[in-house]
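Engineer: my questions concern the predicted model and sequence given below.
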Amino acid sequence: EEDMRNLFGSVTSTMLSLYMAVTGGNDWEGYFSLLKNLGVPYSLLFLLYTFFFVFALFNIMTGVFVESAMSAALPDRDEIIMEERRRLAQQVEDFRSLCRKLDSDHSGHIGKQEFMEHMRCPSMISYMSSLGLELHDIHHFFRTIARDSDEVDIDAFVEGCMAMKGSATSLDMQKQIFETKLIKEMLDKVLHLLQEPKR
């Protein structure tokens, strides 16, 4: 009875006893033995409290720490973006150096004939393919970049190739659809003007 009064005689002592029971200050078995004398409800309530604190709260705290550790181990998003930009910049610079080699006469431009001759080399085709440039029709490829000209500036050639690398995205398709609609609207207006009777 004296132990009961010392451990659970007031709100403060009860809170302290419960805190010590789940944090290692005292063995919870001693508190359970005292509460068992008061009846099943008190001892059962104490067991539920101990169970909740030890398993539930500790598991939550463990989960928070693990999540924090995993988040800290993941690469920083800004760092990933910067690394991707550096990679693309280096890729463009490497490709520009290659394009200078295609310029056999050192004119600063890549001629159609120069391009055709270098594209006969399997290693050149493989390199272009590694950049995501599939040259199934080299004549059409060059004409697309050069805009039907016989030569194209090296920087313009690099920019055109980088724009065409990889597969077409949904954005590319929507852009083409939008531009096609604009052209159709312009043609319809011209046709309407031509069909109007002259005054």
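Structural biologist: Cool, the structure landed.

Engineer: and residue 38, which of the three is it?
Structural biologist: Classification of residue 38 using DSSP: H, G, I helix; E, B strand; the rest coil returns coil.

Engineer: now it, what are its backbone angles?
Structural biologist: phi -90, psi -10 (degrees, to the nearest 10).

Engineer: number of nearby residues for it?
Structural biologist: 12 (other CB atoms under 10 Å). Where you see a C-beta, it was placed from the backbone N, CA and C, and this is true even at glycine.

Engineer: from residue 32, how far off is it?
Structural biologist: Distance of residue 38 to residue 32, given as CB to CB, to the nearest Å: 11 Å.

Engineer: how close does the residue minimising distance to the centre of the chain get to residue 31?
Structural biologist: By CA atoms, centre = their mean, the chain has its centre lying nearest to residue 77, at 7.8 Å. If you measure residue 77 against residue 31 using CB to CB, the figure is 49 Å.

Engineer: do residue 151 as well
Structural biologist: 91 Å.

Engineer: and what of residue 96?
Structural biologist: 77 Å.

Engineer: same question, residue 123
Structural biologist: 80 Å.

Engineer: which of these two has more neighbours?
Structural biologist: Per other CB under 10 Å, whichever of residue 123 and residue 31 has more neighbours is residue 31, with 21 against 7.

Engineer: I am finished for the moment; much appreciated.
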